[in-house]
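Asker: Here is a sequence with its predicted model. Questions after.
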There are 4 protein chains.
Amino acid sequence: MVAPLRADARAHWKPLDPGYAERVRTSFARQGAMRLIGAVLADVQPGYCAITLVPRPEVAQQHGYVHAGIVGAIIDSAGGYAGFTLFPANASVLTVEFKLNLLAPANGERLVAEGFVLKPGRTLAITRGEVHAEHEGKRTLVAVMQQTLMVMHGKTDG
Amino acid sequence: MVAPLRADARAHWKPLDPGYAERVRTSFARQGAMRLIGAVLADVQPGYCAITLVPRPEVAQQHGYVHAGIVGAIIDSAGGYAGFTLFPANASVLTVEFKLNLLAPANGERLVAEGFVLKPGRTLAITRGEVHAEHEGKRTLVAVMQQTLMVMHGKTDG
Amino acid sequence: MVAPLRADARAHWKPLDPGYAERVRTSFARQGAMRLIGAVLADVQPGYCAITLVPRPEVAQQHGYVHAGIVGAIIDSAGGYAGFTLFPANASVLTVEFKLNLLAPANGERLVAEGFVLKPGRTLAITRGEVHAEHEGKRTLVAVMQQTLMVMHGKTDG
Amino acid sequence: MVAPLRADARAHWKPLDPGYAERVRTSFARQGAMRLIGAVLADVQPGYCAITLVPRPEVAQQHGYVHAGIVGAIIDSAGGYAGFTLFPANASVLTVEFKLNLLAPANGERLVAEGFVLKPGRTLAITRGEVHAEHEGKRTLVAVMQQTLMVMHGKTDG
């Protein structure tokens, strides 16, 4: 194998703002959409964010699995907040685009959506995401995402 | 200009199942996620589906605009049902992947998400989508999407 | 149908730089990759660019059709130059990301890749693209694309 | 952190066809496009493929970096052949779609494009890809990709 290094190895990012985690929590609490669907902010680290969701009929599509769009919503937020942890204190985050592949039915006891920063930048940040379904002690990869974020300088998040 | 024909010109698709519209309406009614976020099935035509949503705090992100993931959810459903209108009666629809670009803040009186079939197929169908925001009689393009669907033969939707 | 307006209707963009077409032609001539694969700049209009390619074994994949990556290369350039027509004179263009769906085998007498600006902006521009194959007087849609471009201010293209 | 398992950890896939590597090499040799751009098949493992390219003016865009479309071409092939290693002997591979994010200028002594299978399937396979640039003993991540492949049963590759 020619390239032992993996982009997905967790990089050790240095946040510009030591209050990054509090800033993410405050922002997440303002997202009515996350509250409506029952998403929970589970972890925040520099360049990383995890959001969980319990599958139930209110977030399902016609076959009873979690709706692809709802899977997209939690992984979009997880990616966005992963990026946001590395932004300066006076900047806000905007999703430019994301792309989601669905790999397996999203059900089980809990979905875990994780966003990882691949490349932070002054204007743009690139992230990737994974959603796993937890069921009877097993984890299944149900979705993967690639995302572009914009750093909105001078626009506080609140 | 070398190519006057546009993919986005509405093609005149012939549905395989004359009951396609009823099939879409029944399936949409089973999507708990669409009900939860307040999405409305506004139109169904062969190879076309429109879903609307009224922006409000329950579907917002931190700045008060409709959450990118919720925009993704309605356009994913609109694209999926656009494809579904052309499926045989005994088949179901699954999103393989979708890609969403956000172009402008999603707010205003109403969002209109429209899915268009680009290419129906026996196994896969490809669609594109647009989301417009209506505000004071004006329409603004707020998002565009490309999507791949899978035709699940022999798996009725119910 | 709720939304008669189509994003794909050709908008009438006003270029900031009246020399936009010459700027595109000069930049295209510097792309060694376009020359290598035999791509031809066929048309440049404000917010629009068309690039053509004649299918032949040197640009084929294993079945003899034009390689998906080569289809991606011409539509990436077409989208990029469509955006570039609307940039200020002292700015350069960079592809942030693109997403390509392949709909049909890319062969025939000629491929026509067209890029259309959906949204120009100070920092980013969003485009879409279509690739048609021409064969015996017929046109077949073989690929569609969505793309994000970055405006590199103060970086002349040369 | 809630999910220690990474999708990008190299899974240990079992190929259906023990002659998978030879099948990939034969198919790659038939890709005129890879020969034209000077791409080299560097490694083939179950669910994995690496392709390298030496940056030079013939594959460049207007600023002298490797063209985004050429980066797309090598990572599309790497992902496609990663998937192909797990296909049955009498099946062929087709790219349904791919999405590419460019993270840094593609230059240096060599580009290494690696495709990884995320999910093999009977009809579809999902892969991800990374492109690194090697320069003076350092590796820089220059692009990431997500891709959907189709398994063409009963259609031999030759």
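Answerer: Structure's in. What do you need? Numbers count the residues shown, from 1 in each chain, chains lettered A, B, ... in the order given.
Asker: quick one: A:I51 and A:M34 touch, right?
Answerer: Yes - using C-beta atoms under 8 Å as the test, A:I51 is close enough to A:M34 to be in contact (7.4 Å). For glycine as for every other residue, the C-beta is placed from the backbone atoms N, C-alpha and C.
Asker: Identify the contacts common to the two.
Answerer: Contact with both A:I51 and A:M34 is made by residues A:41, A:74, A:77, according to C-beta atoms under 8 Å, 6 or more residues apart in numbering or on different chains.
Asker: Now intersect the residues you listed with the strands, please.
Answerer: Among those, the members found in strands (DSSP state E) are A:L41.
Asker: Among the shared contacts of A:I51 and A:M34, name the buried ones.
Answerer: A:41, A:74, A:77 (16 or more other C-beta atoms under 10 Å in any protein chain shown).
Asker: How about the lengthiest strand in chain A and chain D, any contact?
Answerer: As assigned by DSSP E, the longest strand anywhere in chain A is strand A:138-153. Yes - applying C-beta under 8 Å from any C-beta of the partner chain, one finds strand A:138-153 touching chain D at A:139, A:141, A:144-146, A:148.
Asker: Pull the distance from that strand to the chain's centre.
Answerer: Distance, stretch centre to chain centre, for strand A:138-153: 5 Å (C-alpha atoms, centre = their mean, to the nearest Å).
Asker: Put the alpha carbons of that strand into PDB.
Answerer: Provided in PDB are the C-alpha atoms of strand A:138-153 (Å, rounded to 0.1, in the frame of the first residue of the first chain):
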ATOM      1  CA  LYS A 138     -23.300  -3.600  17.100                       C
ATOM      2  CA  ARG A 139     -22.500  -0.600  15.000                       C
ATOM      3  CA  THR A 140     -23.400  -0.300  11.300                       C
ATOM      4  CA  LEU A 141     -22.200   2.400   9.000                       C
ATOM      5  CA  VAL A 142     -25.400   3.800   7.500                       C
ATOM      6  CA  ALA A 143     -24.300   7.000   5.800                       C
ATOM      7  CA  VAL A 144     -21.200   9.000   4.800                       C
ATOM      8  CA  MET A 145     -21.000  12.700   3.900                       C
ATOM      9  CA  GLN A 146     -18.700  15.300   2.400                       C
ATOM     10  CA  GLN A 147     -19.300  19.000   3.200                       C
ATOM     11  CA  THR A 148     -18.100  22.500   2.400                       C
ATOM     12  CA  LEU A 149     -18.600  25.200   5.100                       C
ATOM     13  CA  MET A 150     -18.100  28.900   4.900                       C
ATOM     14  CA  VAL A 151     -16.500  31.000   7.700                       C
ATOM     15  CA  MET A 152     -18.700  34.100   8.200                       C
ATOM     16  CA  HIS A 153     -16.200  36.500   9.700                       C
END
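Asker: Which neighbours in the sheet does it have, and how are they oriented?
Answerer: strand A:91-102 (antiparallel), strand A:124-135 (antiparallel) (DSSP bridges).
Asker: Let's have these in JSON lines, adding mean neighbour count and mean pLDDT.
Answerer: Below are the strands paired with strand A:138-153 laid out as JSON lines (neighbours: other C-beta atoms under 10 Å in any protein chain shown; pLDDT from 0 to 100):
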{"stretch": "strand A:91-102", "mean neighbour count": "24", "mean pLDDT": "97"}
{"stretch": "strand A:124-135", "mean neighbour count": "24", "mean pLDDT": "97"}
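Asker: what about those strands, which gets the closest to B:H67?
Answerer: Smallest distance to B:H67 across the strands paired with strand A:138-153 (C-beta to C-beta): 9.1 Å, for strand A:91-102.
Asker: and the angle from the helix or strand following the closest one to strand A:138-153?
Answerer: Using DSSP states H and E, the helix or strand that directly follows strand A:91-102 along the chain is strand A:110-119. Inter-element angle recorded for strand A:110-119 and strand A:138-153: 40 degrees (by axes from the mean of the first three to the mean of the last three C-alpha atoms, to 10 degrees).
Asker: Quick one: check strand A:110-119 for contact with chain C.
Answerer: No - Strand A:110-119 does not reach chain C (C-beta under 8 Å from any C-beta); its nearest approach is 10.9 Å.
Asker: which intervals of chain A have sub-threshold pLDDT?
Answerer: A:1-11, A:158 (pLDDT under 70).
Asker: tell me, what residue is most central in it?
Answerer: A:A78 (1.4 Å; C-alpha atoms, centre = their mean).
Asker: Quick check: that one vs A:V44, distance?
Answerer: 10 Å (C-beta to C-beta, to the nearest Å).
Asker: overlap in contacts of these two?
Answerer: A:A50.
Asker: Can you name the residues that contact the closest residue to A:Y81 other than its chain neighbours?
Answerer: Nearest in space to A:Y81, with sequence neighbours left out and distances taken as C-beta to C-beta, 6 or more residues apart in numbering or on different chains, is A:C49 at 3.9 Å. Listed by C-beta under 8 Å, 6+ apart, the contact partners of A:C49 are A:24, A:41, A:43, A:77-82, A:84-85, A:114-115.
Asker: hmm, try it at 6 Å
Answerer: By C-beta atoms under 6 Å, 6 or more residues apart in numbering or on different chains, the contact set of A:C49 is A:78, A:81-82, A:115.
Asker: so the residue lying closest to A:E109 once chain neighbours are set aside bridges to which residues?
Answerer: In space, and not counting its chain neighbours, A:E109 is closest to A:E134: 5.3 Å by C-beta to C-beta, 6+ apart. Beta-bridge partners recorded for A:E134 (DSSP bridges): A:R110, A:R139.
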